[in-house]
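Peer 1: Mind looking at a prediction? Sequence and model below.
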Amino acid sequence: MYTTRRLAEFVREFQAGQLSDQARGAALRCVLDALTAAAAGYPFPAPRAARRAALACYAPGASAVWFEGRRLTPAGAALANSAACSALDLDDGHRAACGHPGAAVIPAAFAVAEEVGAEPDDLLAAVAVGYEVGVRVAAARNFSALGTYSSGTWCGYGVVAAAGWLRGTPPDQLAHALAISGVSAPNQKAAGSSGYSTLWGNTVKEGIPWATVTALTALALAEAGFIGPEDILDHADHFDAGRILDDLGHGFVIEHIYFKPYSACRWIHAAVDGVGALIEEHGLTPADLDEIEVHTFTRALRLSNRPDPVTHEDAQYSLPYCVALRAVAGAGALLPLTQDALGRPDAVALAERVTLHLDPELDGRFPAHTPTRVVLHTPKGRFERLVEAPRGDPANPMSWEALQAKFLTATSRTLRRDDQERLLAAIGSLAAGDLAPLLRLLGQPLAGAPADSPTAVAR
């Protein structure tokens, strides 16, 4: 039996009551984190453009364009909301998948849940099922043969699973939807360190919003009779089908998601943590930093890593600039990293003194781990720190309270404090079994940020 069919049968047979308390709690944390990223990212250029495009290209429907006060078909709403979730590189991820399921699965699950009138536990179950399928496929890829690690190449499998579960799509159609989604996903060949383009500072990034749209379209096509290559996951040169199916239905991958305290590529976080810890431990100031060495893995060295990035997307992939910004401006400058944090003479000058080095031992531990060793050269001495697990990893987790604090900090420029409190209360209502308050708030326009905010929402 094809792997797509086995996955489809798992999805169709799954019942909301099978979701463990731990997995339900993990799904709630993922929802909170996705809405944090979306609310913080709402006013930035990529989500603004995606909303305009969605409103122009998709018909009115039942699904909310978050914080906009407009409703579209699920695909249109998911395009806009996924773009907001992924704009700041603040969205969750899974180490084995080497990418980000939440910015695709959660907007799609919400959009379809509104369309079908799903119950709260159905929404959370769909999120968990989407993560399960998407992450399993991603983790089973042949990484040595990949041209890109971009999440857009695989996150659609999770979208199909979540949306198909909510819609009650029959297994045969669901299998074809998975196949159509996989073969139709954005190829991302011009993106990333091994792509045709070296222009990192663009809004395409990992292609997550468009992958979400193609996956929802794939589901609609399959339900209408379209068929796809059901054996897409059964070619050993590209996927390890055994790994996809191993222990399927026993445990939940969503329990092992990582969360980001900084709006930058996850491969940068260990270095930022290490530099910050050494500065605080030894009472250092930016003036004390003669040089910063970063010893890391190959993929981190293939990021753009420009010491003077010109867009906030480019900065998200610059290890030297993020490390320097943490040193001169504190961790808050990366939550989120905004356009006004760019071009700082003090950060650029320090970024130019950040040297990057390949550590073969650390390289051998990627992608299961992203460890980084940093060395600070100062007049006070040489200080070194190895960070095995950056903050937010399952081995170094962020608590519910820490995720709430992240929400309050990251969204302070786009949400007024009373709106922040209402959203947190609505997520609390979802945890208690009532989805209506959260859907109501997501369907309303933002009141706007304080007038002095540099990223205040333009209405």
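Peer 2: That came in fine, so what should we check first? Residues are numbered from 1 along each chain as shown.
Peer 1: Need the nearest residue in space to residue 384, chain neighbours excluded.
Peer 2: Closest residue in space to residue 384, ignoring its immediate chain neighbours: residue 375 at 4.8 Å, by Cβ to Cβ, 6 or more residues apart in numbering. Where you see a C-beta, it was placed from the backbone N, CA and C, and this is true even at glycine.
Peer 1: Are we agreed that residue 382 is in a helix?
Peer 2: No: per DSSP: H, G, I helix; E, B strand; the rest coil, residue 382 lies outside any helix segment and is strand.
Peer 1: how about low-confidence regions in this structure?
Peer 2: Counting by pLDDT under 70, the chain contains low-confidence residues at 147, 188-201, 448-459.
Peer 1: tell me the SS of the residue sitting nearest the centre point of it?
Peer 2: In the chain, the centroid-proximal residue (Cα atoms, centre = their mean) is residue 91; its distance is 3.1 Å. Of the three states, residue 91 takes coil according to three-state DSSP.
Peer 1: from memory it sits against residue 34, does it?
Peer 2: Yes: in this structure, residue 91 is within contact of residue 34 by Cβ atoms under 8 Å, at 6.5 Å.
Peer 1: Between these two, which contacts overlap?
Peer 2: 85, 102, 103 (Cβ atoms under 8 Å, 6 or more residues apart in numbering).
Peer 1: Give me the buried subset of these.
Peer 2: In those, burial by neighbour count holds for 85, 102, 103, counting by 16 or more other Cβ atoms under 10 Å.
Peer 1: Just list the residues touching the residue lying closest to the second one once chain neighbours are set aside, thanks.
Peer 2: It refers to residue 102. Excluding the flanking residues, the one nearest residue 102 by Cβ to Cβ, 6+ apart is residue 92, at 4.2 Å. Taking Cβ under 8 Å, 6+ apart, we find residue 92 in contact with 30, 33, 34, 100, 101, 102, 103, 257, 258, 259, 260.
Peer 1: In CSV: those residues, plus secondary structure and distance to residue 120.
Peer 2: What follows is the contacts of residue 92, written out as CSV (DSSP: H, G, I helix; E, B strand; the rest coil; distance: Cβ to Cβ, whole Å):
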residue, secondary structure, distance to residue 120
30, helix, 14
33, helix, 18
34, helix, 16
100, coil, 24
101, coil, 20
102, helix, 18
103, helix, 21
257, coil, 20
258, strand, 25
259, coil, 22
260, coil, 26
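Peer 1: which of the residues you listed lies closest to residue 52?
Peer 2: For the contacts of residue 92, the minimum distance to residue 52 (Cβ to Cβ) is 19.2 Å, reached by residue 103.
Peer 1: Report the separation between the closest one and residue 36.
Peer 2: 11 Å (Cβ to Cβ, to the nearest Å).
Peer 1: for residue 406, same thing?
Peer 2: For residue 406, the distance to residue 36 - Cβ to Cβ - is 6 Å.
Peer 1: Same question for residue 321.
Peer 2: 23 Å.
Peer 1: Dihedrals phi and psi, residue 24?
Peer 2: Note on residue 24: backbone dihedrals following degrees, to the nearest 10 are phi -60, psi -40.
Peer 1: got a list of what the nearest residue to residue 74 once chain neighbours are set aside touches?
Peer 2: Nearest-residue entry for residue 74: residue 111, 3.8 Å, with adjacent residues in sequence omitted and distances by Cβ to Cβ, 6+ apart. Residue 111 makes contacts with 63, 64, 74, 75, 77, 78, 81, 163, 216, as judged by Cβ under 8 Å, 6+ apart.
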